[in-house]
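>>> pasting the sequence and the predicted coordinates here, then a few questions.
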Amino acid sequence: MKFHFKNIGLIKNASVELGDLTILAGPNNTGKTYISYTLYGFFETWIDHFSLGDEIQRIVEELKSTRHAKLDLSRVDFEKIFSDSTKQYTLRMYEIFSARREEFQRAEFLMEVESPLKVLTNNKKERSIKGNFKGAVLLIKLHFVGDAPFISFSLDDKIDNLILDDGFISHGIARIIFPSFFSDSYICVSERLGIPLFYRDLDIQKIEMVEQLQKLTDDPESRDPIVGFSKILKGIRTRYALPVRDNIDFIRSIPDFIKNDSSTGIAELNEYIISMTGGVYRHKLEEGLLFSSKPYSRANKFSLTSNLWSSSVKSLSYLFFYLKHVAESGHLLIIDEPEIHLTPKNQIILARLLAACVGKGIKVLVTTHSDYLIKEFNNLIMLHNLSENDRTDFLSQPKSPYKPSEMLNPDRVRAYVCQKGGVTPCPIDQYGISVAFMDEAIHEINETANDLMNRIDREH
């Protein structure tokens, strides 16, 4: 799946294809976050921009007359649907960034999906959803006749003159079709350091909502609930981009989802984080978020509230709770600068963790300035490229730091450098990823160091 970006913040013209691991590197202030936020916003809101056009009317009429309808997906123009969806998204993109509309007037965002019908038929995963609409039950089912995909609709109701909502049916169709194309996405923003500390104080939207309601109590026109709600929405302007708001909501929702665990194998990936931090994360109703000593630890026991956490502990908190309670194969995990406040050793461990996430079926997109991450990804690519005998021998060595689950197939990796308003694909071969701007900086500082050492040696 490939995406094209034009006139979005610092990005003037760029194209990015997502891999199972996608890396956006580059100097500061070159547009990496604009790309990651744009992608996250699209994956989070695409269902609001989906439309089948006139075909929806046919389905509605058939449901009204016979209570059944069918949609042959082999006759659907997916290219037009994707094009229309991205255009509609672009018109609302300023909301994703919590910016003024005029700042995104010239923005363009396009998506390419190669052979969308093949994507559906290759998966051949039947799905169904059931929804209630004004007392009627609508069953929507994706099924296959041979290789041909169809969606069937069945309406179970005893209501005369039922008025069906186009949007209700469109959302149902989208939820059936597009899990084959779009992943559930989660984002860990660079502002994450302050969220565990201040999340209880960040209910700004609730406060503003109350203020708007108070202003409307004396407005007779606003007694109409639709007019009133519209005025409330217009009166509230958030100061945070959608990814930041969702990051705050994720931390705020921890008490709701900690009763659930991710699937076996994914939740266990938190062992990497425990090895980096030396402790585990918990939540208690009275105390909130806690960072505590490892279970069954007898020595050096501790339990720290979030105001006492180190920067590295704050940086990894989102990832810990995500992996332990939420993560599933097929998700897209976006992390803005995962290396923030981590030592070189922990950046290396983090690279192995992200590779292990890819191995569990979680797609990963990172923005980074870290040469340590890149070098360790390269080691894991080279590990994959060893012959089976060499790999077995290497992994059996006492000093080998790797597990087979950490190998990276270079065919599943995409890497880019953001610079000068665009992105440049990084060469990837059997030895890994070549990131020129990092290599140049390292070469320059090494040359300077060698020159200084030679001068000291000559003086002595």
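Happy to help now that I have it.

>>> okay, buried residues for stretch 286-306 please.
Buried residues in stretch 286-306, counting neighbours by 16 or more other CB atoms under 10 Å, are found at 288-291, 293, 304, 306. For the C-beta atoms, the positions are set from N, CA and C on the backbone; glycine is no exception.

>>> and what of stretch 322-332?
322-327, 331-332.

>>> now compare these and name the two farthest from each other.
Greatest spatial distance in these: K324 and L332, 18.3 Å, computed using CB to CB.

>>> so which of the buried residues of stretch 322-332 sit within helices?
Secondary structure assignment by DSSP state H places 322-325 of the buried residues of stretch 322-332 in helices.

>>> in a markdown table, list those along with distance to I273 and pLDDT.
Output for these, formatted as a markdown table (distance: CB to CB, whole Å; pLDDT from 0 to 100):
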| residue | distance to I273 | pLDDT |
| --- | --- | --- |
| Y322 | 10 | 95 |
| L323 | 8 | 96 |
| K324 | 9 | 94 |
| H325 | 13 | 94 |
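
>>> so which of those comes closest to P401?
The shortest approach to P401 among these belongs to L323, at 20.3 Å (CB to CB).

>>> farthest-separated two in the buried residues of stretch 286-306?
G288 and S293 (17.7 Å).

>>> my guess is N260 meets H325, correct?
Yes: N260 lies in contact with H325 (CB atoms under 8 Å); the separation is 5.4 Å.

>>> low-confidence ranges, the stretch 101-250 of the chain, go.
133, 157-163, 196-238 (pLDDT under 70).

>>> which stretches in it count as helices?
116-123, 166-177, 195-198, 204-216, 225-235, 242-252 (DSSP state H, counting those that start in this stretch).

>>> what packs against the second one?
Right, the one you point to is helix 166-177. Contacts defined by 3 or more CB pairs under 8 Å, 6 or more residues apart in numbering; DSSP states H and E place helix 166-177 against helix 55-66, strand 127-133, strand 136-145, strand 148-156.

>>> switch the cut-off to 10 Å
The helices and strands touching helix 166-177, judged by 3 or more CB pairs under 10 Å, 6 or more residues apart in numbering; DSSP states H and E, are helix 55-66, strand 68-72, helix 78-91, helix 116-123, strand 127-133, strand 136-145, strand 148-156.

>>> redo the ones you listed as CSV? Include distance to N7.
What follows is the helices and strands packed on helix 166-177, written out as CSV (distance: least, CB to CB, whole Å):
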stretch, distance to N7
helix 55-66, 32
strand 68-72, 36
helix 78-91, 10
helix 116-123, 27
strand 127-133, 37
strand 136-145, 37
strand 148-156, 36
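
>>> what does the longest helix along the chain contact?
Among all segments of the chain classified by DSSP H, the helix with the greatest residue count is helix 436-459. Identification of contacts with helix 436-459 by CB atoms under 10 Å, 6 or more residues apart in numbering yields 25-27, 30, 368-371, 374-375, 417-419, 424, 426-427, 435.

>>> would you mark the buried spots in it?
437-438.

>>> what mean pLDDT does it have?
Averaging the model's pLDDT scores along helix 436-459 yields 91.

>>> for that helix, what is the distance to the chain centroid?
Its chain's C-alpha centre and that of helix 436-459 lie 39 Å apart, by CA atoms, centre = their mean, to the nearest Å.

>>> who are the contact partners of T86?
By CB under 10 Å, 6+ apart, the residues touching T86 are 3-4, 42, 46, 49, 93, 108-112.

>>> all strands of the stretch 301-450 of the chain, in order?
303-305, 332-336, 363-368, 413-419, 422-425, 428-429, 432-433 (DSSP state E, counting those that start in this stretch).

>>> need these in CSV with distance to S315 and mean pLDDT, can you?
Listed next are the strands of the stretch 301-450 of the chain as CSV, based on distance: least, CB to CB, whole Å; pLDDT from 0 to 100:
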stretch, distance to S315, mean pLDDT
strand 303-305, 15, 92
strand 332-336, 10, 96
strand 363-368, 13, 96
strand 413-419, 22, 96
strand 422-425, 26, 95
strand 428-429, 27, 94
strand 432-433, 23, 95
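
>>> sorry, back to before: just the buried ones from the contacts of helix 436-459?
Buried residues within the contacts of helix 436-459, counting neighbours by 16+ other CB under 10 Å: 25-26, 30, 368-371, 374-375, 417-418, 424, 426, 435.

>>> any chance of CSV for these, columns distance to C188?
Below are the buried ones among the contacts of helix 436-459 laid out as CSV (distance: CB to CB, whole Å):
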residue, distance to C188
A25, 17
G26, 19
T30, 20
T368, 12
H369, 16
S370, 15
D371, 21
I374, 19
K375, 22
V417, 22
C418, 19
T424, 25
C426, 22
V435, 22
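
>>> which one of those residues is nearest E61?
The closest of the buried ones among the contacts of helix 436-459, once distances to E61 are taken by CB to CB, is C418, at 49.0 Å.

>>> OK, contacts around that closest one?
Residues near C418 by CB under 10 Å, 6+ apart: 10-11, 14, 16, 24-27, 29-35, 367, 424, 437.

>>> alpha carbons of stretch 78-94, as CSV, please.
Only the C-alpha atoms of stretch 78-94 are listed here, as CSV (Å, rounded to 0.1, in the frame of the first residue of the first chain):
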residue,chain,number,x,y,z
PHE,A,78,-12.4,0.3,-5.6
GLU,A,79,-10.0,2.7,-7.2
LYS,A,80,-12.7,5.3,-7.3
ILE,A,81,-13.7,4.6,-3.7
PHE,A,82,-10.2,5.0,-2.4
SER,A,83,-9.7,8.1,-4.5
ASP,A,84,-13.0,9.7,-3.2
SER,A,85,-12.2,8.6,0.4
THR,A,86,-8.7,10.2,0.4
LYS,A,87,-10.1,13.4,-1.2
GLN,A,88,-12.8,13.7,1.5
TYR,A,89,-10.2,13.0,4.2
THR,A,90,-7.9,15.7,2.7
LEU,A,91,-10.7,18.3,3.1
ARG,A,92,-10.9,17.6,6.8
MET,A,93,-7.2,17.0,7.4
TYR,A,94,-6.8,20.3,9.2
